[in-house]
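Q: Okay, here's the prediction I keep looking at, along with the sequence it came from:
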Amino acid sequence: MPARPTHHPATRRSPLLRDIGVVLVIKLLVLTVLWWAFVRDQRVEVQADQPALPWLSADTPSAESKTHDQ
């Protein structure tokens with residue numbers, strides 16, 4: 001009597017898993033091309049004497065005082 005081959009679900013790859021992998025690789029390539037074309041040369045200048053969040057600095061009037069002044 002010949003032995004029957006056993007198929008383990010964990011070792012078989014489903015077509016859905018392959019398709020998802022292909023789509024993810026394509027998305028990664030598209031995002032890389034878009035970044036390379038539009039973003040890589042952009043620079044943000046940081047100035048140490050200016051606060052990162054100017055609306056939270058002490059010398060800026062709050063929104064409440066602006067509405068009461070009008």
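A: Ah, there it is. Note that this is a predicted model, so its numbers are computed, not measured.
Q: so where do the helices sit in the chain?
A: Assigned by DSSP state H, the helices in the chain fall at 15-38, 63-69.
Q: between the ones you listed, which one is nearest to V44?
A: Among the helices of the chain, the nearest to V44 by Cβ to Cβ is helix 15-38 (14.7 Å). In short, each C-beta sits where N, CA and C put it, glycine included.
Q: in the closest one, what's buried?
A: Buried residues in helix 15-38, counted by 16 or more other Cβ atoms under 10 Å: none are found.
Q: Output the contacting helices and strands for that helix.
A: The contact analysis (3 or more Cβ pairs under 8 Å, 6 or more residues apart in numbering; DSSP states H and E) places helix 15-38 against no helix or strand.
Q: Tell me how far R18 lies from V25.
A: Distance, R18 to V25, by Cβ to Cβ, to the nearest Å: 11 Å.
Q: Output the below-cut-off pLDDT ranges for the protein.
A: Residue ranges of the chain with pLDDT under 70: 1-11, 51-70.
Q: Go again with 50.
A: The model of the chain has no residue with pLDDT under 50.
Q: Tabulate the helices of the chain (a markdown table), appending distance to Q50.
A: Output for the helices of the chain, formatted as a markdown table (distance: least, Cβ to Cβ, whole Å):
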| stretch | distance to Q50 |
| --- | --- |
| helix 15-38 | 26 |
| helix 63-69 | 20 |
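Q: Between those helices, which one is closest to D49.
A: Judging the helices of the chain by Cβ to Cβ, what sits closest to D49 is helix 63-69, at 24.5 Å.
Q: where does V44 fall, phi/psi-wise?
A: phi -110, psi 120 (degrees, to the nearest 10).
Q: Pull the number of nearby residues for it.
A: Using other Cβ atoms under 10 Å, V44 is surrounded by 4 other residues.
Q: How about Q42?
A: Here the number of neighbours of Q42 (other Cβ under 10 Å) works out to 7.
Q: how close does I20 get to L31?
A: In this view, I20 and L31 are 16 Å apart by Cβ to Cβ.
Q: Kindly report the same for A48.
A: From A48 to L31 the distance is 32 Å (Cβ to Cβ).
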